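1. structure for this input, please:
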Amino acid sequence: MLSRMTSALGSSLGKGSLFIARREEFILENPANESKSKFVEKVNEIESKSKKEILYKHFELGKALVDHIFSEAEDKSPEESVDEKIVDIVKKFSLKSFFFHPDVKIIKQHYMEFSEFQRGLTLAEFFDRYPQIRHRELISKEIDAAHNALKVYSIFNDEKGIGKDKIKLTKTFSDSSIGKLTRNEIFNIIEMVKSISTQ
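-> Take a look at the predicted model:
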């Protein structure tokens, strides 16, 4: 049986299931979930598969952005194996101009450094503060996609997150839902999943 929760955090309900709610449920698959009609199961399966594929794409974009924006090297290019459409977006996030070098650590603080007290800036906030370095072809929808991608990457990266392999266990959480999570909620999700994994 599915349990709906009202807080940002959930708890483990039997082996393999995890529920975290905000505006939607974050559900890791559990074979013990109640049985549904074959039609509903098939529709849910298709929807779940699509959401996972979208999360994997956002993870790739997030990783490429992290490598590009936060690299010590000047404007490190994405790896050759990265999807061409992702490369096109990432190149628009060249945040170091010849005359002006803003501190991009304030972006990293928001998306990757949860131990930092200061919340940093989202990409949208960063470009509001430094409009002169925004690429002229960078549109708002790409900034939103990059924002969601960085949040997806912050949860599922292997270094500080819960691991890319956990994407295959997600069932109903979308990239836009993850994009709406606060830094504290992401930190708590990571800590909770890690604590469950070690039990």
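2. how close does the residue minimising distance to the centre of the chain sit to Glu45?
-> In the chain, the residue lying closest to the centroid (C-alpha atoms, centre = their mean) is Val152, at 1.0 Å. The span separating Val152 from Glu45 equals 21 Å under the rule C-beta to C-beta, to the nearest Å. All C-beta atoms are positioned from the backbone trio N, CA, C, and that covers glycine.
3. who's in contact with the residue nearest to the centre of the chain?
-> For Val152, the set of contacting residues under the criterion of C-beta atoms under 8 Å, 6 or more residues apart in numbering consists of 55, 58-59, 62, 175, 178-179.
4. for stretch 50-68, list every residue counted as buried.
-> Under the neighbour-count criterion of 16 or more other C-beta atoms under 10 Å, stretch 50-68 has 51-52, 54-55, 57-68 buried.
5. ditto for stretch 129-136
-> Under the neighbour-count criterion of 16+ other C-beta under 10 Å, stretch 129-136 has 130, 133-134 buried.
6. can you tell me which of those residues is nearest Arg183?
-> Using C-beta to C-beta, the shortest approach to Arg183 within those belongs to Tyr130, at 20.8 Å.
7. how far away is the closest residue in space to Gly163 that isn't next to it in sequence from Val193?
-> If the residues on either side of it in the chain are set aside, Gly163 comes closest to Phe156, at 6.6 Å by C-beta to C-beta, 6 or more residues apart in numbering. From Phe156 across to Val193, the span is 10 Å (C-beta to C-beta).
8. between those two, what contacts are shared?
-> Here Phe156 and Val193 share the contacting residues 162, 166, scored by C-beta under 8 Å, 6+ apart.
9. average pLDDT across the longest helix along the chain?
-> Looking only at the chain and at elements set by DSSP state H, the helix with the highest residue count is helix 38-69. For helix 38-69, the mean per-residue pLDDT is 91.
10. the helices in this protein, which residues?
-> Using DSSP H, the helices of the chain run over 38-69, 84-91, 105-111, 123-129, 140-156, 175-179, 183-197.
11. quick one, which of those is packed in tightest?
-> Most buried of these by mean neighbour count (mean count of other C-beta atoms under 10 Å) is helix 140-156; its value is a mean of 22.
12. tell me the angle of that helix relative to helix 84-91?
-> Counting by axes from the mean of the first three to the mean of the last three C-alpha atoms, to 10 degrees, helix 140-156 lies at 100 degrees to helix 84-91.
13. ok, so what distance separates Glu84 from Ala149?
-> Plainly put, Glu84 is 16 Å away from Ala149 if you go by C-beta to C-beta.
14. wait, doesn't Val66 sit right on Ala146?
-> No - using C-beta atoms under 8 Å, Val66 is not in contact with Ala146; the gap is 10.6 Å.
15. count the residues that sit near Lys180.
-> By the other C-beta atoms under 10 Å criterion, the neighbourhood of Lys180 contains 14 residues.
16. for it, phi and psi?
-> Here is the backbone geometry of Lys180 (degrees, to the nearest 10): phi -90, psi -10.
17. what pLDDT does the model give Ile196?
-> Predicted confidence (pLDDT) at Ile196: the value is 83.
18. just Thr170 next, same as before
-> In this prediction Thr170 is given a pLDDT of 83.
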